[in-house]
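Chemist: Sequence and predicted model, in that order:
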Amino acid sequence: MPADDSLDDECPDDQIAAALGTSLRTVSRVRQQLVTQGLDDALSRRRQPLRPDKVKIKGDVEQRLIQLACSDPPRGRCHWTLQLLVDELVVLGLVDRIGVETVRQALKKTTSSPGSSRPGASRRTRTPSSSGAWRT
């Protein structure tokens, strides 16, 4: 469907998308907004509404999760798994239900790793050579 064929200067959506560096879906969506809501709404970007219910682990629950993850695992286990942490949060009554991915994301954003001062991959450290001089 061309965007404007009133002046016999048709421009198909794929050419519009290529010229603007966007997708065909965006061209279609903006056209729909133009027709239904007007030019100003079609050209202005709307911010996503705040969704406080989207963050499920925060405050005291997040603090307790980190304490659990850093504590000794349950008897018979070598370490905490995400599923064990999820189950423990429910048993403790901190949440009614929660997903493994939510717990993973909450732990990922913390700097609770015992050997790290910042999140992310571990930094390379210099090791002394046998002669006592530093090697890089």
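Modeler: Cool, got the structure.

Chemist: what helix or strand is the residue nearest to the spatial centre of the chain on?
Modeler: The residue lying closest to the centre of the chain (CA atoms, centre = their mean) is Q105, at 7.7 Å. Assigned by DSSP states H and E, Q105 belongs to helix 100-108.

Chemist: May I see the buried residues of stretch 48-63?
Modeler: I57, V61, E62 (16 or more other CB atoms under 10 Å). Just so you know, the C-beta spots here come from the backbone N, C-alpha and C atoms, and that holds for glycine as well.

Chemist: Need phi/psi at the first one.
Modeler: So the one you mean is I57. Note on I57: backbone dihedrals following degrees, to the nearest 10 are phi -120, psi 110.

Chemist: Tell me the spatial nearest neighbour of V90, not counting adjacent residues.
Modeler: R97 (6.5 Å; CB to CB, 6 or more residues apart in numbering).

Chemist: tally of neighbours for that neighbour?
Modeler: R97 has 9 neighbours, counted by other CB atoms under 10 Å.

Chemist: Would you mind giving the secondary structure of it?
Modeler: Of the three states, R97 takes coil under DSSP: H, G, I helix; E, B strand; the rest coil.

Chemist: separation between it and V86?
Modeler: Applying CB to CB, to the nearest Å, the value for R97 to V86 is 9 Å.

Chemist: ditto for L65
Modeler: L65 is 10 Å from V86, by CB to CB.
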